[in-house]
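> Sequence and predicted model, in that order:
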Amino acid sequence: LTAKKELILHFVDCLMGAIELYKQRLEWLTSESRQIFGVIQERCIVIAVDFGSAAPTEFDLCREALSMVLLEQVTQIAKFNLIWVAQDLMKWQQKSAAVSEHTVSSAVAWLWKLDRLTAASHSSSAEALLEARSDEAVSS
C-alpha cells in the first residue's frame, strides 16, 4: 500500500478531530451534576431523597448536589417528582409534575425546607421506592 503525504495528513486531521470530540464528550459526561448522578436519560423520573443520618454540613452538601441535578438535568426532561424518605414519606407533589422553570424552582425551594432531623425508619427507603414506582415514573 502506498499513500500520498496529503492523504495521510488528511487522515491525521480526521483522527485528531474525532479524538477532540471524544475528549469534549468525556469532559461533559464527567462534569457538574453528571459526575455525581450520571446522565438522566428518562423522560419522567421520581427521586427518592434519602440522606440518612447525615451531619448538618453533609446534609447541605447533599441538598446542593440534588439542587444542581434539578437545575442542570431535570430541566431537560418532561416530568419529575421528589419523595423525602422519612418516618412519614413526604412528596413534593402528589403526582409527577411537568417540568418548567417554576416547578424546578419550587422543587429546589421545597428541598431546602426539609428538616434534617426528621427520623426515618429502616423500611422508609423501600417504601419510598415503592411509592415512586406507583407514580407514572419511568425510573426512580
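Yep, that arrived. Numbers count the residues shown, from 1 in each chain.

> how distant is whichever strand or helix holds Leu21 from the center of its chain?
Leu21 belongs to helix 5-29 when elements are defined using DSSP states H and E. Put simply, helix 5-29 sits 30 Å off its chain's centre (Cα atoms, centre = their mean, to the nearest Å).

> Give me the buried positions along that helix.
Buried residues in helix 5-29, counted by 16 or more other Cβ atoms under 10 Å: none are found. For glycine as for every other residue, the C-beta is placed from the backbone atoms N, C-alpha and C.

> Equivalent analysis for stretch 124-134, please.
Under the neighbour-count criterion of 16+ other Cβ under 10 Å, stretch 124-134 has 124, 127-129, 131-132 buried.

> Which residue is the nearest non-sequential neighbour of the spatially most central residue of the chain?
Centroid check for the chain by Cα atoms, centre = their mean gives Val69 as the closest residue, at 4.3 Å. For Val69, ignoring the flanking residues on the chain, the nearest one in space by Cβ to Cβ, 6 or more residues apart in numbering is Ser33 at 4.1 Å.

> Run a quick check on the one you found versus Ala65, I expect a contact.
Yes - using Cβ atoms under 8 Å, Ser33 makes contact with Ala65 at a distance of 7.0 Å.

> More neighbours: the two, which one.
Ser33 (19 against 15; other Cβ atoms under 10 Å).

> quick check, Thr2 in a strand?
No - remark: Thr2 does not belong to a strand; assigned using DSSP: H, G, I helix; E, B strand; the rest coil, it is coil.

> And it, how far from Arg116?
71 Å (Cβ to Cβ, to the nearest Å).

> Those two: which is more packed in?
Neighbour totals were compared for Thr2 and Arg116, and Arg116 leads with 14 against 4 (other Cβ under 10 Å).

> Confirm that one sits in a strand?
No - Arg116 is assigned coil when assessed by three-state DSSP, not a strand.

> List the contacts of it.
Listed by Cβ atoms under 8 Å, 6 or more residues apart in numbering, the contact set of Arg116 reads 51, 54, 56, 59.

> repeat for Trp92
Contacts of Trp92 (Cβ under 8 Å, 6+ apart): 81-84, 106-107, 110-111.
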